[in-house]
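Engineer: pasting a predicted model and its sequence here:
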Amino acid sequence: MHVNIVGAGIIGLAVAFELESRAHTVTLIDPAPGQGASYAAAGMLAPAAETVWGNGPLHQLLAASNAAYPQFIERIASATGQRPDYLQNSTLVVAAEPADREALHELAELQISLGLSAQKLLPSQARKLEPALAANISGAVLCQDDHQVDPRSIVKILLEHLRPHLVEERAQALVTDGKRTTAVRTASGRILEAEQTIVATGLGTLDGLNELPLRPVYGDILRIQGPAGPPLITRTIRGIVHRKQVYLVPRRDGSLVLGASVREDRQQAVNIGAMHLLLDNARKLVPGISDCTLNEATARARPATPDDRPLLGRLDPGLLLCTGYSRHGVLLAPLGATLTADLAHGHQSHPLHQAVDPHRFANAT
Ligand SMILES: Cc1cc2nc3c(=O)[nH]c(=O)nc-3n(C[C@H](O)[C@H](O)[C@H](O)COP(=O)(O)OP(=O)(O)OC[C@H]3O[C@@H](n4cnc5c(N)ncnc54)[C@H](O)[C@@H]3O)c2cc1C
């Protein structure tokens, strides 16, 4: 079978890789591959720490995809000869103030009740694990199964691998025969025919696609360079500081990712106030970041849905939708790719298909 995949962010690339490994041929269409939300993402793979009240079956999706990650990485490594920067080094969530500790412990109870790994620690126990933590933190939770990957490494490796199948153009419109999507028309007028077309454009759109329940949720995120010598921290540290979230993700090369704001103001450039707050809050948890230097400040929009779950399903006999990964696209890439490839084959037997059905909001009204 030949499949068009519109959009080559981490989701489109993971889907293309999955289809290729099932012996299908693919055409990837994207004028700026890897430069959307996937370029900004920290790459936290945090099924426990990302589970909050009121997200329904989202935690099942997150946990299933996290469990699939080691095999996803192995398959990429064996198909391409290059290994993404994946670290199974756990996550420590810390609270700055006593009120933050209450919120943290309440969340930990929820996470434990759902079978996720979240263990309450005393501040002294947390500081034994991470001596760079501030002396006055008020509580901590260790999420043993929450890991991280550098999403840029996955994108780079998959893009190199799939480049022969890439058309570096905007997809302008879906072409139909009245019953099904049969092709994609690019901005230059090329018609790319395929038995199946998969729309994985994040927030991007194209003619012929109905309006989707998506909105941009911007995030500012910094990449900083740690001091020379031993790393400042050895695992991801997420914090709640005066009810605001902040995180530091240490990379193997000594750099750190410090994020991320959550803005719905449609301002595309990095916001100074948000950046200031992130730095201030991160410094309250790990004072040593004052000695770091700034490598990069980036802002991108997360393709967010009303319930933070993706929109993944069939739109017509030749068209599949695979977007709306909100704040979890890096974590959900292996599961999203499997579910999408199954649908392309006509299988919808996975128990999690219903949780991501793109028609669920229409059905609810
Ligand atoms: C600051 C920040 C931090 C984040 N941290 C994490 C994290 O720690 N863990 C996690 O799991 N997730 C995280 N995310 C979320 C994650 O980045 C997204 O869910 C994920 O990148 C979505 O991937 P995507 O491929 O669907 O979208 P994108 O990466 O946006 O890719 C969409 C692609 O489609 C292309 N496109 C759009 N329109 C068209 C068109 N008409 N024709 C052709 N191509 C088109 C674009 O050029 C783009 O390359 C974060 C996001 C942000 C912003």
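Structural biologist: The structure has been received and is ready for your questions. Numbering: from 1, shown residues only.

Engineer: so what's the residue in the stretch 51-200 of the chain that the ligand sits nearest to bridging to?
Structural biologist: Proximity of the stretch 51-200 of the chain to the ligand (C-beta to the nearest ligand atom) peaks at Ala171, 3.5 Å away. In short, each C-beta sits where N, CA and C put it, glycine included. With DSSP bridges as the criterion, Ala171 is bridged to Thr186.

Engineer: burial count for it?
Structural biologist: For Ala171, the neighbour count with other C-beta atoms under 10 Å is 28.

Engineer: list the contacts of it.
Structural biologist: When contacts are counted by C-beta atoms under 8 Å, 6 or more residues apart in numbering, Ala171 touches 6, 29, 184-187, 201, 206.

Engineer: residues from the stretch 251-365 of the chain in reach of the ligand?
Structural biologist: Neighbours of the ligand within the stretch 251-365 of the chain, by C-beta under 6 Å from any ligand atom: 259-260, 300, 302-303, 323, 325-331.

Engineer: can you put these in CSV and add neighbour count?
Structural biologist: As requested, these are exported to CSV (neighbours: other C-beta atoms under 10 Å):
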residue, neighbour count
Gly259, 24
Ala260, 25
Arg300, 22
Arg302, 26
Pro303, 26
Thr323, 29
Tyr325, 31
Ser326, 22
Arg327, 21
His328, 24
Gly329, 25
Val330, 27
Leu331, 29
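
Engineer: correct me, but Arg309 touches His59?
Structural biologist: No. The pair Arg309 / His59 is not scored as a contact, 10.5 Å apart, by C-beta atoms under 8 Å.

Engineer: follow-up on the earlier one: just the pLDDT at the residue of the stretch 51-200 of the chain closest to the ligand, thanks.
Structural biologist: At Ala171, the model reports a pLDDT of 98.

Engineer: likewise His350?
Structural biologist: Reported pLDDT for His350: 81.

Engineer: just the residues of the stretch 251-365 of the chain next to the ligand: which are in helices?
Structural biologist: 329-331 (DSSP state H).

Engineer: and which of those residues is nearest the ligand?
Structural biologist: For these, the nearest to the ligand is Gly329 (2.2 Å; C-beta to the nearest ligand atom).

Engineer: domain ranges for this structure?
Structural biologist: 2-44+153-214+307-364, 91-144+215-304 (automatic domain parsing).

Engineer: my read is Arg152 is in a helix, agree?
Structural biologist: Yes. Counting by DSSP: H, G, I helix; E, B strand; the rest coil, Arg152 is found in a helix.

Engineer: find the nearest non-adjacent residue to it, please.
Structural biologist: Tyr39 (7.0 Å; C-beta to C-beta, 6 or more residues apart in numbering).

Engineer: which other helices and strands contact the helix or strand harbouring the one you found?
Structural biologist: Assessed by DSSP states H and E, Tyr39 sits inside helix 37-40. Applying 3 or more C-beta pairs under 8 Å, 6 or more residues apart in numbering; DSSP states H and E, one finds that helix 37-40 contacts helix 151-162, strand 293-304, helix 329-344.

Engineer: these: which one's closest to Ala108?
Structural biologist: Distance to Ala108, taken as C-beta to C-beta, is lowest for helix 329-344 among those, at 19.2 Å.

Engineer: out of the domains of the chain, nearest to Glu74?
Structural biologist: Judging the domains of the chain by C-beta to C-beta, what sits closest to Glu74 is domain 2-44+153-214+307-364, at 11.1 Å.

Engineer: what's the spacing between that closest one and its chain's center?
Structural biologist: 15 Å (C-alpha atoms, centre = their mean, to the nearest Å).

Engineer: leaving out sequence neighbours, find the closest residue to Asp308.
Structural biologist: Ser326 (4.4 Å).

Engineer: about what we covered before: what's the closest of the domains of the chain to Pro70?
Structural biologist: domain 2-44+153-214+307-364 (9.6 Å).

Engineer: poorly predicted segments of the stretch 251-365 of the chain, please.
Structural biologist: Applying pLDDT under 70 to the stretch 251-365 of the chain flags residues 363-365.

Engineer: what about the strands in it?
Structural biologist: In order along the chain, the stretch 251-365 of the chain carries the following strands (DSSP state E, counting those that start in this stretch): 255-259, 293-304, 311-316, 319-323.

Engineer: so what does the last one touch, helix or strand wise?
Structural biologist: Counting by 3+ C-beta pairs under 8 Å, 6+ apart, the packing neighbours recorded for strand 319-323 are helix 10-21, strand 196-199, strand 311-316, helix 329-344.
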